[in-house]
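Trainee: Sharing a sequence plus its predicted fold:
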Amino acid sequence: MPDNLPPSLIKFREEFSEFLINNRSLSDEELRKLSLQRGYYRMSQPVGLGGQASSPMQMLIARETVSEMGVLSPNVVIGPEPGLLSEVEGFLKDDYLIPLLKGEKRGSFAFTESKADSPTVAEWDDESLVVSGRKSYVSGGHLSDFMSVVLTVDPKKVTGKYGPAVLVIDSDAPGVEMGEPFYSLDGSSHVEVEFESVRVDSKNVIGEIGQGIPRALGNIMQERIEQAATAVGLALYALDLVTSHLKKPHRSGGTLSDFEGVRLRYADMRINSFAARSVLYRVGRLLEAEDNVINEVTTAKIFCTETASSVIDTAVQLVGGQALISGHPLEGIYRKIRSMRIAGGASDVLRLNLSKGVFEFDSGTV
Ligand SMILES: Cc1cc2nc3c(=O)[nH]c(=O)nc-3n(C[C@H](O)[C@H](O)[C@H](O)COP(=O)(O)OP(=O)(O)OC[C@H]3O[C@@H](n4cnc5c(N)ncnc54)[C@H](O)[C@@H]3O)c2cc1C
């Protein structure tokens, strides 16, 4: 078969597609419950915590399939992943990780700094860290029970370890000020969060102080490859919609697929989708081999989101005015794919990271 996938993954893709086709019209809550019953909801979670620890390739196929079937909220079907909390033990495991995986608590990720003059920093005070600063664009922050906050433990006021760190902070902790939610083009909601001398126990530190950036980067790399998979699925969804649209009767007397010019544009959509899917699956195989694949994941994030943008843009053009009407599936995914070239790292900034990987760390393959 194409794609070089083992039979088990081909079977998974077929069964999962069928599940989504049969149930995609359910409400989010109904779909979540059904996905939990069928074992899909916890497929990315560790076996020891009730999940199935699916392979990286299976998770990419799952995410690709969810968006290929037009389900635009993947987390409803594929539940929360451990993310930054993946290796925590003790208090963080019992009070945050397990409730997160069961869907009893929600987390958010506070990474992007709001302004250069108010960086998020922490100072030691006995066994506590006191956090000040402001984070921007925290997706779902106002809906979350806790945030994983990337910050710097101030080296100037040291009585303990210092450097970049990730802290779990309760959203309702004294001194946490959530701004009013704002909405981005893709429909998702975010908040700016201010930390005014928020006292956090040192047991809320994820991993080691000083190791915050590699940890945060690991989480962002995971987000980036997931975005690549979602983007490929969206391109395939658009392709499917356009294929049936072009076969329908058109006011010209025939169908739009009769026009050679339309066929040329359509062929480009297929070529681009094919290429993006190939890139995704190749990186999936590299991830399975556990190589250092930071540059390849970056490549996939840039290529798949940009290529899917072009595919979806052509889809809108070929379907015409009706594709722009609010509520049309292409209108929704056009907005979604646009935000994906910025969220998780803007394309040009990632291009710079990619070149840095080669010139300064001698890493990356072609
Ligand atoms: C839908 C969405 C969800 C998000 N969710 C979260 C979240 O949950 N948590 C979180 O912390 N953040 C989140 N973000 C923020 C996101 O991480 C940032 O928007 C992203 O990293 C880009 O940063 P920026 O917006 O500050 O743009 P900037 O860094 O200001 O970049 C803007 C543009 O400037 C150019 N540019 C910038 N730097 C360079 C350079 N060095 N060289 C060349 N060109 C450059 C590029 O063209 C770039 O696109 C989200 C954003 C979006 C859109």
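Mentor: Everything's here; your move. Numbers count the residues shown, from 1 in each chain.
Trainee: Now the most centrally placed residue in the chain: which helix or strand?
Mentor: For the chain, the residue nearest the mean C-alpha position is Glu223 (4.0 Å; CA atoms, centre = their mean). For Glu223, the host element (DSSP states H and E) is helix 212-247.
Trainee: list the buried ones in that helix?
Mentor: By 16 or more other CB atoms under 10 Å, the buried positions in helix 212-247 come out as 212, 215-216, 219-242, 245-246. In this view, the C-beta of every residue, glycine as well, is placed from N, C-alpha and C.
Trainee: which other helices and strands contact the helix or strand following it?
Mentor: In the C-terminal direction, the helix or strand that comes right after helix 212-247 (DSSP H and E) is helix 260-288. The contact analysis (3 or more CB pairs under 8 Å, 6 or more residues apart in numbering; DSSP states H and E) places helix 260-288 against helix 56-68, helix 212-247, helix 294-319.
Trainee: Kindly calculate the angle that helix 260-288 makes with helix 212-247.
Mentor: Orientation of helix 260-288 against helix 212-247 (axes from the mean of the first three to the mean of the last three CA atoms, to 10 degrees) gives an angle of 150 degrees.
Trainee: show me the contacts for Pro99.
Mentor: Residues near Pro99 by CB atoms under 8 Å, 6 or more residues apart in numbering: Lys105, Asp145.
Trainee: so what's it scoring on pLDDT?
Mentor: pLDDT recorded at Pro99 is 94.
Trainee: need the residues of the stretch 201-350 of the chain near the ligand, please.
Mentor: Ser339, Ile342, Ala343, Gly345, Ala346, Asp348, Val349 (CB under 6 Å from any ligand atom).
Trainee: quick check: mean pLDDT across the helix or strand hosting the last one?
Mentor: Going back to what we said before, that points to Val349. Here Val349 sits within helix 347-361, counting by DSSP H and E. The average pLDDT for helix 347-361 rounds to 97.
Trainee: Using CSV, write down the CA coordinates of stretch 237-245.
Mentor: C-alpha atoms of stretch 237-245 as CSV (Å, rounded to 0.1, in the frame of the first residue of the first chain):
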residue,chain,number,x,y,z
TYR,A,237,-10.6,17.6,3.8
ALA,A,238,-10.5,20.6,1.4
LEU,A,239,-9.5,18.4,-1.5
ASP,A,240,-12.4,16.1,-0.8
LEU,A,241,-14.9,19.0,-0.7
VAL,A,242,-13.5,20.4,-4.0
THR,A,243,-13.5,17.0,-5.7
SER,A,244,-17.2,16.6,-5.2
HIS,A,245,-17.9,20.3,-5.9
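Trainee: ok, residues contacting it?
Mentor: 67-70, 256, 266, 269-270, 273, 308, 311-312, 314-315, 318-319, 329-330, 333.
Trainee: What's the ChimeraX line that selects buried ones from those?
Mentor: Filtering the contacts of stretch 237-245 down to the buried ones (16+ other CB under 10 Å) takes a single ChimeraX command:
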select :67,68,69,70,256,266,269,273,308,311,312,314,315,318,319,329,330,333
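Trainee: just curious, which of the residues of the stretch 201-350 of the chain next to the ligand is nearest to Arg63?
Mentor: Nearest to Arg63, judged by CB to CB, of these is Ala343 at 14.8 Å.
Trainee: What about that closest one? Give its phi and psi, please.
Mentor: phi -60, psi 140 (degrees, to the nearest 10).
Trainee: pLDDT score for the closest residue in space to it that isn't next to it in sequence?
Mentor: What sits nearest to Ala343 in space, not counting adjacent residues and going by CB to CB, 6 or more residues apart in numbering, is Gln227, at 7.3 Å. As predicted, Gln227 sits at a pLDDT of 98.
Trainee: Met1 now?
Mentor: For Met1, the predicted pLDDT is 41.
Trainee: How about Lys102?
Mentor: For Lys102, pLDDT reads 87.
Trainee: For it, give me phi and psi.
Mentor: phi -80, psi -10.
Trainee: What sits closest to it if chain neighbours are left out?
Mentor: That would be Gly50: by CB to CB, 6+ apart, it lies 7.8 Å from Lys102.
Trainee: Was I right to think the one you found contacts Arg42?
Mentor: Yes: Gly50 is within contact range of Arg42, at 6.0 Å (criterion: CB atoms under 8 Å).
Trainee: Need the residues touching each of these two.
Mentor: What both Gly50 and Arg42 touch, as defined by CB under 8 Å, 6+ apart, is the set Leu101.
Trainee: who has more neighbours, the two?
Mentor: Set Gly50 next to Arg42 and count neighbours by other CB atoms under 10 Å: Arg42 wins out with 23 against 11.
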